[in-house]
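Enquirer: I need the structure of the sequence given here:
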Amino acid sequence: MATRIRLGIVVIAVGAAAFAGGRASVDNQGKPVRRGSYAAGVRAGLEAAFSGFDGGWAFDTPYVVTLRRGGPGITYAFERRWPLLPGFEYRACGRGVCRRGGPH
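Expert: Numbering: from 1, shown residues only. Reported below is the predicted structural model:
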């Protein structure tokens, strides 16, 4: 019985050492990982993407948007937006959006 307990303790110790060694060997490219950096990046991205459009978005309204490159650390930002209105056809038109038709 004592041999089984010792063997179990050795197996657990070897497993824990292997886990710790594996975690220590992960290459983080020399950059320390800061707590909360993901959430801070999301907040910064939202602020950058929606800047210039505060308070002007309507709920339950589809929009056509064009994107532009964001600033440092921000992939995209909104450049322009158009609400989709019923009865119109929309299409890409150069770097913008053209619409045709309308309510009759």
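
Enquirer: name the residues that touch the helix or strand harbouring residue 9?
Expert: In this structure, residue 9 sits in helix 2-24 according to DSSP states H and E. By C-beta atoms under 8 Å, 6 or more residues apart in numbering, the list of residues contacting helix 2-24 from outside is empty. Any C-beta I mention is one placed from the backbone N, CA and C, and that applies to glycine too.

Enquirer: this protein: strands as residue ranges?
Expert: Along the chain, counting by DSSP state E, strands occupy 63-69, 76-83, 88-93, 96-101.

Enquirer: direction included, what does the third one pair up with?
Expert: In the sheet containing strand 88-93, its partner strands are strand 96-101 (antiparallel), by DSSP bridges.

Enquirer: and the angle from the partner strand to strand 76-83?
Expert: Following axes from the mean of the first three to the mean of the last three C-alpha atoms, to 10 degrees, one obtains 20 degrees for the angle between strand 96-101 and strand 76-83.

Enquirer: quick check: angle from strand 96-101 to strand 63-69?
Expert: 170 degrees.

Enquirer: output strand 96-101 as CSV, nothing but the C-alphas.
Expert: What follows is strand 96-101 as a C-alpha-only set of coordinates in CSV (Å, rounded to 0.1, in the frame of the first residue of the first chain):
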residue,chain,number,x,y,z
GLY,A,96,-18.7,55.3,-51.7
VAL,A,97,-22.2,54.0,-52.0
CYS,A,98,-24.8,54.9,-54.6
ARG,A,99,-28.5,54.4,-54.2
ARG,A,100,-31.2,54.1,-56.7
GLY,A,101,-35.0,53.9,-56.6
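
Enquirer: right, I'll call it a day here.
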